[in-house]
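Colleague: below are the sequence and a predicted model for it; my questions follow.
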Amino acid sequence: MSALATRLDDAVAAARGGEDVILTDGGLPIAKIGPVESASLLARLAEEGVIAVPADERAVPRLPQAEAAKDALSSLLGRLRR
């Protein structure tokens, strides 16, 4: 059994606590387990302009014509189901 398998709980606990855990093979680093900081990652990506934060209100207001078309379609579907 590998050293990671025997100490996996410790590695996960360390990552949960904010630490990076370096996995090695024959003394050479091959991988890293670390905490996922999704909230700060999203904030950083928004600051960098990579993503856009959704607006509180709809960006495009509903048009009266669209509402009327939706109502007409709902009425038609209701009649077809009878």
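Modeller: Ah, there it is. Nothing here was measured: the structure is a model prediction, and the numbers come from that model.
Colleague: how about the helices in this protein?
Modeller: 3-16, 38-47, 64-81 (DSSP state H).
Colleague: any stretches of this protein with poor pLDDT?
Modeller: 1-4, 37-39, 56-62 (pLDDT under 70).
Colleague: residue furthest from the geometric center of it?
Modeller: Arg82 (42.4 Å; Cα atoms, centre = their mean).
Colleague: how near is that one to Leu73?
Modeller: Applying Cβ to Cβ, to the nearest Å, the value for Arg82 to Leu73 is 16 Å. The way it works is simple: take the backbone N, C-alpha and C, and place the C-beta from them, glycine included.
Colleague: just Ile33 next, same as before
Modeller: For Ile33, the distance to Leu73 - Cβ to Cβ - is 51 Å.
Colleague: again, but for Leu41
Modeller: 41 Å.
Colleague: now swap in Ala11 and tell me
Modeller: Taking Cβ to Cβ, one finds Ala11 at 55 Å from Leu73.
Colleague: which one of these two has more residues nearby?
Modeller: Per other Cβ atoms under 10 Å, whichever of Ala11 and Leu73 has more neighbours is Ala11, with 16 against 10.
Colleague: the more buried one reaches Val21, doesn't it?
Modeller: Yes: at 4.6 Å, Ala11 counts as touching Val21 under the criterion of Cβ atoms under 8 Å.
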